[in-house]
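**Student:** below are the sequence and a predicted model for it; my questions follow.
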Amino acid sequence: MRADQRFEWPGFRCLAILIVSAVCMALSCAQAYAEGCISTTYTDPPRVVLECSGGVRLTAESGAAYRLMDRNRDGRPEAVELKAKGLLIEYTTRPRGGFQVLTPHAVASVRGTTWGVDVTPSGTAVFVETGRVAVGRASGGQAVVLKAGDGTDVSPGNALLEVKQWAPARRMGLMARFGR
């Protein structure tokens, strides 16, 4: 073979195109997923922290099923849809236009700065570390406002939403899942 000749393996070109396409798709998915956010992964406990524009910081425990929502396409998420496990939401600045966590059981809207949401098949638990959060059923109806130290459980079986001061063990158990 001469130096100016190239080796052509049948299928090599197709394989190279497939690999490049897969990498490009993965990169565009990652950018779309966290547009306006910087993602950092931690191992103890396992979690991902998203620092998003607009002053929102989301900590997702390992295995959390969630999707950021930027309804007005300004690069700042206004909501997150949480299907399973937990998220910790923190604001470094007052949220412009608010922020919501939508679960199968509840809608939690920020009125404060640091709060956690935990979703299981049987219900949604919301706890406020600092500030205030309004919580209502996903289907509408009654809503409550939680302040620092308060929590509520939203499930299909309980008729009324109750605001309770969470016991230290429950508070610490939830917050530990987010490295706190």
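**Tutor:** Thanks, I have the structure now.
**Student:** hey, where'd the strands end up in this protein?
**Tutor:** In the chain, the strands defined using DSSP state E lie at 37-43, 46-52, 56-61, 65-69, 79-91, 100-102, 106-110, 114-120, 123-130, 132-137, 143-147, 150-154, 164-165.
**Student:** how far off centre is the fifth one?
**Tutor:** Remark: strand 79-91 is offset 4 Å from the chain centroid, using Cα atoms, centre = their mean, to the nearest Å.
**Student:** list the buried residues of it.
**Tutor:** Across strand 79-91, burial judged by 16 or more other Cβ atoms under 10 Å covers A79, V80, L82, K85, G86, L87, L88, I89, E90, Y91. Where you see a C-beta, it was placed from the backbone N, CA and C, and this is true even at glycine.
**Student:** now do it: everything it contacts.
**Tutor:** Residues outside strand 79-91 that contact it (Cβ atoms under 8 Å, 6 or more residues apart in numbering) are 55-69, 71, 99-104, 110, 112-120, 131, 174-175, 177-178, 180.
**Student:** of the residues you listed, just the buried ones, ChimeraX syntax please.
**Tutor:** ChimeraX command restricting the contacts of strand 79-91 to the buried ones, with burial defined by 16+ other Cβ under 10 Å:
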select :55,56,57,58,59,60,61,64,66,68,99,100,101,102,103,104,110,112,113,114,115,116,117,118,119,131,174,175,177,178
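**Student:** returning to what we had before: from the buried residues of strand 79-91, pick the one nearest V48.
**Tutor:** Nearest to V48, judged by Cβ to Cβ, of the buried residues of strand 79-91 is L87 at 10.1 Å.
**Student:** what pairs with that closest one across the strands?
**Tutor:** Residues in a beta bridge with L87, per DSSP bridges, are A60, V117.
**Student:** mind checking pLDDT for A176?
**Tutor:** Per-residue pLDDT puts A176 at 96.
**Student:** and the one 4 residues further on, by the same measure?
**Tutor:** We note a pLDDT of 89 for R180 in this prediction.
**Student:** now do it against V133, distance only.
**Tutor:** Noted for R180: a distance of 17 Å to V133, by Cβ to Cβ, to the nearest Å.
**Student:** over to T93?
**Tutor:** T93 is 16 Å from V133, by Cβ to Cβ.
**Student:** ok, those two, which is more surrounded?
**Tutor:** V133 (30 against 9; other Cβ atoms under 10 Å).
**Student:** the more buried one reaches A148, doesn't it?
**Tutor:** No. Using Cβ atoms under 8 Å, V133 makes no contact with A148, being 9.9 Å away.
**Student:** does I38 touch E51 like I think?
**Tutor:** Yes. Between I38 and E51 there is a contact under Cβ under 8 Å: 4.7 Å.
**Student:** so where is this protein shaky, pLDDT-wise?
**Tutor:** Under the criterion pLDDT under 70, the flagged ranges of the chain are 1-35, 94-97, 111-112, 158.
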